[in-house]
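In: Dropping the sequence and predicted coords here.
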Amino acid sequence: MQYPSFFSTMEFAQAWCRAVGGGSEPFRITVSGSGQPRAMHMIRSKGRFGLYSLSSGVANDLCISPGWTGDLHACTVESILEQLKIARVKSFQWGVRFDHQPLADALRLQGLDSRRMATYVLNLDQDHERVFARHNATVRNEIRKGVRRGISVRATCHPDDISRYQKLYEGLQREKKWPFIYPAALTLDLARLSGMTRFFVAEFDGIIIGGGLFVQDGNSVYHLHGVADREYNHLFPSNAVINAGIRWGCETGAQFFNLGNPGSNKSLAQFKSSWGSRPEVYSVFGWQNPIWLGMSKVRNRARALLNGTRQNNFRRVSGISSWSERAKSFGELEAVCYAGGSERKNLMMHGACLVGAEKAVSLLRSKAIGQPVVVDFGCGTGRMIRFFDKHGCNVLGLDITEAMVEAARKIGLPSNSSAWHFNGLSIPKENESVDLIWVCAVLKYTLFPPGSKCVHGMLPATEPGCAFEATYADIAREMFRVLKPGGLVVQYEMYVDADPDVFRHDFEDAGFRIEEIEVLRRDKGRLEGLCEWGESFALPVSLVLFLGRSCAKLRYLFDAPERKIGDFRDYYFVWRKGGTVSPAPLEGMEEPPVLAPREARGGQGRSRDAAGEPLEGSLIPRGHPHVSARTGTT
């Protein structure tokens, strides 16, 4: 059988469910056609109301495959999807390896949504000595130094060894505040599958100072996770363990060694490439059950109708400590505007935002584009995805917070649009493929210092002492890359008490020219205060939106951005791209790696800890265990 995957096996599914628990259980899928009758397995996780979601585990870069001989027939894939798209399955995620292109093409033909991700792959087409020669000179020297200084590496599946390794793993989790690490029970179960896995530990003077788990994934060896004790960095234990994994791959006849997805961590991507690996693109496909999606739409429409005729009581937000909690605790507008504020306040703010979006639509219509491609950068609960779709646009929504994306999908997304979780920088679009980027109340957090706040006790961008992985300048360059010549960025910034010029420099450096800077709202303005007076009294939603729009239009016509009166205000920027395009960071990659952050500018920039590692920040993917689990190897 060709094109198998370790993560589709019953052995992996059972080991995962025993270790992770939480109501998860193996889900068997019968596969017929394109070879002998067989089965593939996924993980079924229980949700509310007796519904299930299916995946290969927590990390989407654990790819699965039914395996096939010869050509992969469409009927084989259709039969698999029929078993997945059943009433009690709410959604599924299916990662497809980069070298399983026929499977990716077949799933794409079935109309599944997909996003592309990158993994780093080292060819094992020669013996270990010749593969070793392809590593970066620094890597080779560090491996040799470790050996000379007394480090040793051995394979093990003994519980005591794995327990000592897990203590290192858990210590790094506490230090890095990772939300998830692979349980020791899973590592132990997989390490005992000696024909399919190897667990290596690095030792010095009888002390385990690092380790890593490797699995035979079809014709490759996959580095599942690994960490090292930073006190012994001078011995380079991570390099020693990975070298042992590569040697094992050469001995087993694997065709390549997969170092995995580095996410948005630039230093980790550089570390992976230093082994002579190359980036390859793989796809993650997703599906949501239209029955439950439709019920969510009906429920949310009923709520909107009810909220339009009754008073919205004020709620305290002191217990809300993250954007994820806002997405789960508040409605469509409160989650992204004024958490805990009155309905009228949020509708007034939304009305001003709609004025900016309507002007963006007018700019698109002036270009006479058939169906414009729009990216909603920081889509939140999807309110503007729905707006642009109603005006004939094909919209891709992106957000750094998974709970926001889930909220957007639960409220309901149009059939021509989608929302995806991303790393805060890399836009999954080809060069010069986007007509307009809409970005609302997002970019100020990448411009101002960590710990900066808005008014009304809203959340800071990050905790003080942390920094963003991406900066304002990085994002400007990424937007320039994906926009067509003449394409537009319409930037709406809420609650800003700085001059508008602070937003200009980096966009102009990236190649944009400014076309408009206007004020659409002032938080303490007399006009807004008059319309929000007596906000505890309920008014029809349509009337409040009319008032919000009217205030914004008057501000647009008569207010001046340079007028300094000391209050918080909402700015409206329009940037236009010229006729040239920045080169793609990596040829053939739809999701480029994270660009290098700018050096500190006026006390701003990227903070690092004592070991030189980037500190955790809001724009680093926080819910990606596979990326996090290997961050410690660098």
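Out: All right, it came through fine.

In: CA only for contacts and neighbour counts going forward, please
Out: Will do.

In: shaky segments in the stretch 351-500 of the chain?
Out: 448-470 (pLDDT under 70).

In: Apply 90 and report the result again.
Out: Applying pLDDT under 90 to the stretch 351-500 of the chain flags the ranges 351-352, 365-371, 380-382, 400-416, 421-426, 441-474, 494-500.

In: where along it do the strands fall?
Out: Secondary structure of the stretch 351-500 of the chain by DSSP state E, counting those that start in this stretch: the strands cover 373-377, 394-399, 418-421, 434-440, 483-496.

In: For the spatially closest residue to Gln255 that is not a sequence neighbour, which residues are in contact?
Out: Spatially, and ignoring its direct neighbours in sequence, Gln255 is nearest to Leu124 (5.1 Å; Cα to Cα, 6 or more residues apart in numbering). Applying Cα atoms under 8 Å, 6 or more residues apart in numbering to Leu124 gives the contacts Val131, Gly249, Cys250, Ala254, Gln255, Phe256, Phe257.

In: Could you list the domains of the protein?
Out: Segmentation of the chain into domains, based on automatic domain parsing, reads 6-111, 137-281+622-631, 290-577.

In: quick one, which of the ones you listed is nearest to Ala118?
Out: domain 137-281+622-631 (4.5 Å; Cα to Cα).

In: Quick check: which of the domains of the chain is nearest to Met117?
Out: Of these, nearest to Met117 by Cα to Cα is domain 137-281+622-631, at 5.6 Å.

In: average pLDDT for the closest one?
Out: In this model, domain 137-281+622-631 has an average pLDDT of 89.

In: Distance from the chain centre to it, please.
Out: Distance of domain 137-281+622-631 from the chain centroid (Cα atoms, centre = their mean, to the nearest Å) equals 23 Å.

In: go on, stretch 471-480?
Out: That offset, for stretch 471-480, works out to 17 Å (Cα atoms, centre = their mean).

In: now stretch 27-41
Out: Computed by Cα atoms, centre = their mean, the chain-centroid distance of stretch 27-41 equals 31 Å.

In: can you check stretch 28-44 too?
Out: 29 Å.

In: Tell me the buried residues in it?
Out: 28-29, 31-35, 39-44 (16 or more other Cα atoms under 10 Å).

In: What of stretch 250-261?
Out: For stretch 250-261, by 16+ other Cα under 10 Å, it's Cys250, Ala254, Gln255, Phe256, Phe257, Asn258, Leu259, Gly260, Asn261.

In: CA atoms only for that stretch, dumped as PDB, please.
Out: What follows is stretch 250-261, C-alpha atoms only, in PDB (Å, rounded to 0.1, in the frame of the first residue of the first chain):
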ATOM      1  CA  CYS A 250      18.600   6.700   7.000                       C
ATOM      2  CA  GLU A 251      18.900   3.200   8.600                       C
ATOM      3  CA  THR A 252      15.200   2.500   8.000                       C
ATOM      4  CA  GLY A 253      15.300   3.600   4.400                       C
ATOM      5  CA  ALA A 254      13.000   6.600   4.900                       C
ATOM      6  CA  GLN A 255      13.000   9.000   1.900                       C
ATOM      7  CA  PHE A 256      12.900  12.200   4.000                       C
ATOM      8  CA  PHE A 257      13.000  13.600   7.500                       C
ATOM      9  CA  ASN A 258      10.200  15.900   8.500                       C
ATOM     10  CA  LEU A 259      11.100  18.600  11.000                       C
ATOM     11  CA  GLY A 260       7.600  19.900  11.100                       C
ATOM     12  CA  ASN A 261       5.900  23.300  11.000                       C
END
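
In: what's that stretch in contact with?
Out: The contact list for stretch 250-261 (Cα under 8 Å, 6+ apart) reads 61, 117-128, 216, 219-224, 246, 249, 272, 626-627.

In: In strands only, show me the residues you listed.
Out: Those of these mapping onto strands are 117-123, 216, 220-224, per DSSP state E.

In: out of those residues, who's nearest Val544?
Out: Met117 (42.6 Å).

In: I'd say the closest one and Val281 touch.
Out: Yes - counting by Cα atoms under 8 Å, Met117 touches Val281, with 5.6 Å between them.

In: So if I had to pick from the two, which one is more boxed in?
Out: Comparing Met117 with Val281 by other Cα atoms under 10 Å, the one with more neighbours is Met117, at 24 against 19.

In: Show me what that one bridges to in the sheet.
Out: Beta-bridge partners of Met117, counted by DSSP bridges, are Tyr282.

In: Now do it against Val482, distance only.
Out: Met117 is 16 Å from Val482, where distance means Cα to Cα, to the nearest Å.

In: next one: Val439
Out: When distance is defined by Cα to Cα, Val439 is 14 Å away from Val482.

In: which of the two has more neighbours?
Out: Val482 (26 against 20).

In: Quick check, central residue of the chain?
Out: Taking Cα atoms, centre = their mean as the criterion, Phe422 is the residue nearest the geometric centre of the chain, at 2.5 Å.

In: Any idea which of the strands of the stretch 351-500 of the chain gets closest to Gly294?
Out: Taking Cα to Cα, strand 418-421 is the member of the strands of the stretch 351-500 of the chain nearest to Gly294, at 15.2 Å.

In: ok, residues contacting that closest one?
Out: 113, 379, 382, 395-402, 405, 408-409, 413.

In: Next, count neighbours for Lys367.
Out: By other Cα under 10 Å, 12 other residues sit near Lys367.

In: ok, now how distant is the residue nearest to the centre of the chain from Gly146?
Out: Taking Cα to Cα, one finds Phe422 at 37 Å from Gly146.

In: that older thread, would you reformat the buried residues of stretch 28-44 as TSV and include secondary structure and distance to Gly356?
Out: Formatted as TSV, those follow (DSSP: H, G, I helix; E, B strand; the rest coil; distance: Cα to Cα, whole Å):
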residue	secondary structure	distance to Gly356
Arg28	strand	50
Ile29	strand	49
Val31	strand	51
Ser32	coil	53
Gly33	coil	53
Ser34	coil	53
Gly35	coil	56
Ala39	strand	52
Met40	strand	49
His41	strand	48
Met42	strand	44
Ile43	strand	44
Arg44	strand	43
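
In: would a markdown table of the residues you listed with distance to Arg108 and pLDDT be doable?
Out: Putting these into a markdown table (distance: Cα to Cα, whole Å; pLDDT from 0 to 100) gives the following:
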| residue | distance to Arg108 | pLDDT |
| --- | --- | --- |
| Arg28 | 22 | 96 |
| Ile29 | 19 | 96 |
| Val31 | 19 | 96 |
| Ser32 | 20 | 93 |
| Gly33 | 19 | 92 |
| Ser34 | 18 | 94 |
| Gly35 | 21 | 93 |
| Ala39 | 22 | 96 |
| Met40 | 19 | 96 |
| His41 | 20 | 96 |
| Met42 | 19 | 95 |
| Ile43 | 22 | 94 |
| Arg44 | 23 | 93 |
